[in-house]
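J.: give me a 3D structure for the following:
(one chain, ligands or ions: 1)
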Amino acid sequence: MTDMKEQILSHVSPDYPWAGRLHFLPEVDSTNDYLKKLAAEGAPHGTVVLSDHQTGGHGRRGRSFLSPPGVGLYLSILLRPQCPPTQLMHLTCAAGVAVCDTIDQSVGFRPGIKWTNDIVYGKRKLGGILTELRLDGQGLVDYAIVGIGINCCQKPQDFPPEIREVAGSLSMVTGQAVDRFRVAAAELDALYAMSCGLLTEQEAMLTQYRKDCITIGQEISLVRGEEVRHGKALDVDNEGALVVRFPDGHTEAVNSGEVSVRGMYGYV
Ligand code: BTN
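T.: All right, here's what the predicted structure looks like:
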């Protein structure tokens, strides 16, 4: 276990510049929350917290993200892009593409993205992304944290019954063992590449996101609190909002902070 960090670093590209900023923890409540503490202490751009086991892994709106030891990949990266938050509207989309690139390169298949931040294959969720921003006194981004969880080696029976039909892992897709260290290394490389183009390659990132996003073209349900509306997802705009056409013909760009999306006949 102690050499998990060395194992991962042995697979990253020789050009990976942030090996000295990688913190490996055998167990932590949440890599996002731990990284927030490091950020408050002045941790630099590119700091990564990676753990084998999260006891309080979570997604948006307090939803939990099951993070058992030995089977998953749980990591968070700190970015300090020094820009207004309006220039980071595409960050979760960019991270989604980076996760698809990671899995494509290290495992050999390309998953899809259920808008905004679920990594899916077929009808199953393989992982998720939690992006959090903190602004400074001038309203600029003090830091952004991108947290990524990927189910790598679970078997169907490893998931609790209530999510067994909708959760999956990389090895369930391939039918073979998956090397988490290689996936982690590919993730570090993909996130470094993402960070380099974050403010200059938005268009290319969103073009790829639209290809990876399985929600576009689907009839969907939009859930906002108690309210459920049906529509057709037409596109993702340049801010990462989902463009939806409603039965009366009008369209709206809906924000991921406001609504969650369900397929008409199930989770995806
Ligand atoms: C979601 O499914 O809605 C997002 C899940 C994000 C989980 C990752 S695991 C690493 C990081 N730490 C957390 O507590 N959450 C993210």
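J.: and the residue of the stretch 151-268 of the chain closest to the ligand?
T.: When scored by Cβ to the nearest ligand atom, the stretch 151-268 of the chain has S260 as its residue closest to the ligand, at 9.3 Å. Heads up, the C-betas are built off the backbone N, CA and C, glycines and all.
J.: backbone dihedrals for that residue, both of them.
T.: Dihedral pair for S260: phi -120, psi 160, per degrees, to the nearest 10.
J.: what are the boundaries of the strands in the stretch 1-150 of the chain?
T.: 22-25, 48-51, 72-79, 112-114, 118-121, 124-135, 141-151 (DSSP state E, counting those that start in this stretch).
J.: redo these as TSV? Include distance to R63.
T.: TSV is the format used below for these (distance: least, Cβ to Cβ, whole Å):
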stretch	distance to R63
strand 22-25	22
strand 48-51	19
strand 72-79	15
strand 112-114	14
strand 118-121	11
strand 124-135	9
strand 141-151	11
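J.: make TSV out of these and add mean pLDDT.
T.: As requested, those are arranged in TSV below (pLDDT from 0 to 100):
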stretch	mean pLDDT
strand 22-25	98
strand 48-51	98
strand 72-79	98
strand 112-114	97
strand 118-121	97
strand 124-135	97
strand 141-151	98
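J.: R210 is nearest to which of these?
T.: Nearest to R210 among these is strand 112-114; the distance by Cβ to Cβ comes to 9.7 Å.
J.: against which helices or strands is that closest one packed?
T.: Under the contact criterion of 3 or more Cβ pairs under 8 Å, 6 or more residues apart in numbering; DSSP states H and E, strand 112-114 touches helix 91-107, strand 118-121, helix 202-212.
J.: can you list the strands that the shortest one pairs with?
T.: So that's strand 118-121. Partners of strand 118-121 in the sheet, by DSSP bridges, are strand 112-114 (antiparallel), strand 124-135 (antiparallel).
J.: quick one on the thing from earlier: let me have the strands of the stretch 1-150 of the chain in a markdown table, extended by distance to R229 and mean neighbour count.
T.: A markdown table is the format used below for the strands of the stretch 1-150 of the chain (distance: least, Cβ to Cβ, whole Å; neighbours: other Cβ atoms under 10 Å):
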| stretch | distance to R229 | mean neighbour count |
| --- | --- | --- |
| strand 22-25 | 42 | 19 |
| strand 48-51 | 38 | 25 |
| strand 72-79 | 33 | 25 |
| strand 112-114 | 18 | 22 |
| strand 118-121 | 20 | 22 |
| strand 124-135 | 23 | 20 |
| strand 141-151 | 29 | 24 |
